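Participant: Return atomic coordinates for the entry below.
(one chain, ligands or ions: 2)
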Amino acid sequence: MTPNKEWTPNSWRAKPIKHNVEYTNQEALGRVLENINNLPPLVSPAEIDRLNKQLEKVSKGEAFLLQGGDCAESFSGCNAQQIEDKIKILLQMSLVMIWGMRVPLIRIARMGGQYAKPRSANTEVVDGKEVLTFRGENINGLEVDDREPNPDRLLRGYFHSAATVNYIRTLLNSDFANLHFPQNWNLEWVKSEDIRSEYKEIINKLADAFDFMKTIGVENGSPTLSSIDFYLSHEGLMLEYEEAMTERIQRMSQDESGKTQKKLSFVSLEKLGTESLEKSGDKYYNLSSHFLWIGDRTRQINGAHVEYFRGIANPIGLKVGPSLDPEELVRLLDILDPDFIPGKVTLIGRYGVSKVQAFLPQHIKAVQATNHKVVWCCDPCHGNTASTPEGYKTREYNNVIGEIGLSFDIHKTLNSKLNGIHLELTGEHVTECTGGSMNIEAKDLSRNYQSFCDPRLNYLQSLDIAFMVAKKYQ
Ligand code: PEP
Ligand code: MN
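Facilitator: Ligands and ions are numbered 1, 2, ... in the order given. Below is the predicted model of the structure:
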């Protein structure tokens with residue numbers, strides 16, 4: 001992508017910004033951002049470009065996208081067990097889906113930087129006292145007396161992201177993926193005998209397929225598992241942090257043999273000065289994550305977030321829902337994808353089961369009338385959040401699969417294709433969403449409700465979705 005010359009990593013600062021964080025100590029903030037800017041990147045431009053290529057395939061229907069993780073990561077959740085559980089469920093889901101759908105799966109975790117959260121209000125009343133709302137652990141603390149935004153938390157966010165990314169890389173370079181072969185999956189929580197035997201049948205077929213691969217000499221360490229591709233993502237909400245993690249990457253067009261070759265290397269912004277991007281062919285990459293998305297509340301056409309996102313070479317997501325006018329969607333795509341790169345933008349629909357039929361078709365038609373080739377992804381979580389009388393934020397499994405099913409059907413009717421799903425999930429046995437094959441009821445939510453943000457699908461509810469999608473796509 002070639003952003004026009006007025007774009008710089010900090011040009012968003014001149015635009016109106018939503019969900020801004022007010023720091024009282026600007027000097028401390030400046031110091032922290034400089035520190036972050038000097039720290040090493042968490043991902044590489046080559047990895048980002050590989051994902052760009054893979055998302056191009058997804059946009060053409062040649063692969064499917066599975067994106068998922070916590071609503072918000074916590075610093076205390078940065079531990080081996082929780083990271084393993086999350087990678088495990090994403091791996092297991094992707095195996096079921098690959099088996100059922102017969103397409104390659106691209107996995108993107110909401111991990112390694114998903115700390116900052118948009119909130120509907122700046123303040124809330126706790127025990128009769130008005131306090132600032134909790135904005136995510138890289139901004140302030142959940143404890144009521146720790147709500148003042150503290151710039152040091154951005155640095156802690158960087159280091160927790162680094163530890164998470166490091167452990168994920170370690171897992172994927174070890175035998176972790178192979179340990180999660182179908183034989184070891186845990187179905188003891190499935191309530192209905194019928195569903196359990198249906199799942200077992202699929203799992204046995206999957207296990208057979210692996211045995212067959214072994215027999216013909218494709219060992220467990222086959223390329224699809226041992227060098228499994230996993231990418232990271234988070235909402236690009238805290239633009240100060242995203243700016244500090246953005247680097248201009250030099251592109252050299254020739255190697256010694258004279259063959260044209262793209263060679264990417266890290267260079268500092270200062271060294272390049274202000275030479276025009278277009279002339280140099282250089283690009284800006286956000287090296288905090290492979291994929292970033294713009295939230296539903298920060299996608300104003302003239303706003304700071306859209307301004308920042310239009311300049312980076314990473315693949316980007318855009319949350320879209322009932323409040324987005326189809327014409328505005330097209331204008332946003334023109335800004336975010338000026339070069340019409342297939343898969344550059346993933347539209348993450350979050351309409352809600354009761355609204356998806358009224359709003360998704362007009363978005364599909366509007367995009368079909370342009371030259372933009374997007375990835376159509378369904379987030380069946382954010383339009384289906386409800387609260388119980390006891391005050392638990394929850395989601396009903398049937399509404400979640402209902403929105404996924406309707407999205408598949410709507411795309412099909414319009415000669416389009418749903419290319420992926422985006423879920424808030426965890427590999428643990430939490431009780432935050434109702435329904436699924438564990439039959440969690442509203443009265444069970446208190447048993448193991450852990451999320452301090454939105455409710456997540458648990459291990460089995462996530463597997464339920466994989467089985468459902470696999471069947472639906474066949
Ligand atoms: C989220 O993905 O956690 C989120 C806040 O979503 P949205 O922007 O769609 O409301
Ligand atoms: Mn959420």
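
Participant: Which residues of the stretch 251-400 of the chain lie near ligand 1?
Facilitator: The stretch 251-400 of the chain comes close to ligand 1 at residues G295, D296, R297, K319, R350, H382, as judged by Cβ under 6 Å from any ligand atom. Heads up, the C-betas are built off the backbone N, CA and C, glycines and all.

Participant: how about those residues in a markdown table, adding distance to D145, pLDDT and secondary structure?
Facilitator: Shown next, in a markdown table, are these (distance: Cβ to Cβ, whole Å; pLDDT from 0 to 100; DSSP: H, G, I helix; E, B strand; the rest coil):
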| residue | distance to D145 | pLDDT | secondary structure |
| --- | --- | --- | --- |
| G295 | 28 | 98 | coil |
| D296 | 31 | 98 | coil |
| R297 | 27 | 98 | coil |
| K319 | 32 | 98 | strand |
| R350 | 34 | 98 | coil |
| H382 | 30 | 98 | coil |
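
Participant: of those, closest to W185?
Facilitator: H382 (28.1 Å; Cβ to Cβ).

Participant: tell me the contacts of the nearest residue to the closest one once chain neighbours are set aside?
Facilitator: Computed as Cβ to Cβ, 6 or more residues apart in numbering, the closest residue to H382 that is not its neighbour in sequence is R350, at 3.9 Å. Contacts for R350 were tallied using Cβ atoms under 8 Å, 6 or more residues apart in numbering; they are D296, K319, V320, G321, D379, P380, C381, H382, G383.

Participant: if you set the cut-off to 6 Å instead, what comes out?
Facilitator: R350 makes contact with K319, G321, D379, H382, G383, according to Cβ atoms under 6 Å, 6 or more residues apart in numbering.

Participant: can you give me the helices for the stretch 101-250 of the chain?
Facilitator: 152-173, 176-179, 193-215, 223-226, 239-244 (DSSP state H, counting those that start in this stretch).

Participant: Sort out which residues of the second one are buried, please.
Facilitator: Meaning helix 176-179. Within helix 176-179, the residues that count as buried by 16 or more other Cβ atoms under 10 Å are F176, A177.

Participant: cool, and the longest one?
Facilitator: Across helix 193-215, burial judged by 16+ other Cβ under 10 Å covers Y199, I202, I203, L206, F210.

Participant: Quick check: mean pLDDT of it?
Facilitator: Averaged over helix 193-215, pLDDT sits at 84.

Participant: got it, and the last one?
Facilitator: Looking at helix 239-244 alone, the average pLDDT works out to 98.

Participant: What is it packed up against?
Facilitator: Counting contacts by 3 or more Cβ pairs under 6 Å, 6 or more residues apart in numbering; DSSP states H and E, helix 239-244 is packed against helix 26-38.

Participant: Show which residues not belonging to the helix or strand following the helix it packs on make contact with it.
Facilitator: For helix 26-38, the following helix or strand on the C-terminal side (DSSP states H and E) is helix 45-59. Contact partners of helix 45-59, identified using Cβ under 6 Å, 6+ apart, comprise 63, 65, 106, 231, 249, 264, 285, 290, 314-315, 342-343, 373, 375, 419.

Participant: Lowest pLDDT pick from those?
Facilitator: For the contacts of helix 45-59, the weakest pLDDT value sits at L264, with 42.

Participant: What separation do you get for the residue lying closest to C78 once chain neighbours are set aside and ligand 1?
Facilitator: Nearest residue to C78 in three dimensions, chain neighbours excluded: H160, at 4.6 Å (Cβ to Cβ, 6+ apart). Using Cβ to the nearest ligand atom, to the nearest Å, one obtains 18 Å as the distance from H160 to ligand 1.

Participant: where does R299 fall, helix, sheet strand or coil?
Facilitator: Under the three-state scheme (DSSP: H, G, I helix; E, B strand; the rest coil), R299 adopts coil.

Participant: What is the neighbour count of it?
Facilitator: 23 (other Cβ atoms under 10 Å).

Participant: can you give me phi and psi for it?
Facilitator: Backbone geometry at R299, expressed as degrees, to the nearest 10, gives phi -100, psi 30.

Participant: now, which of the contacts of helix 45-59 sits nearest P16?
Facilitator: Using Cβ to Cβ, N314 comes nearest to P16 of the contacts of helix 45-59, at 23.4 Å.

Participant: show me what contacts the closest one?
Facilitator: So N314 contacts I48, N286, L292 (Cβ under 6 Å, 6+ apart).

Participant: List, one by one, the residues from the stretch 101-250 of the chain near ligand 2.
Facilitator: By Cβ under 5 Å from the ion, no residue of the stretch 101-250 of the chain approaches ligand 2.

Participant: where in the stretch 101-250 of the chain is pLDDT low?
Facilitator: 179-180, 183, 217-227 (pLDDT under 70).

Participant: mind running it again at 50?
Facilitator: Across the stretch 101-250 of the chain, the ranges flagged by pLDDT under 50 are 221-226.

Participant: Many thanks, we can stop here.
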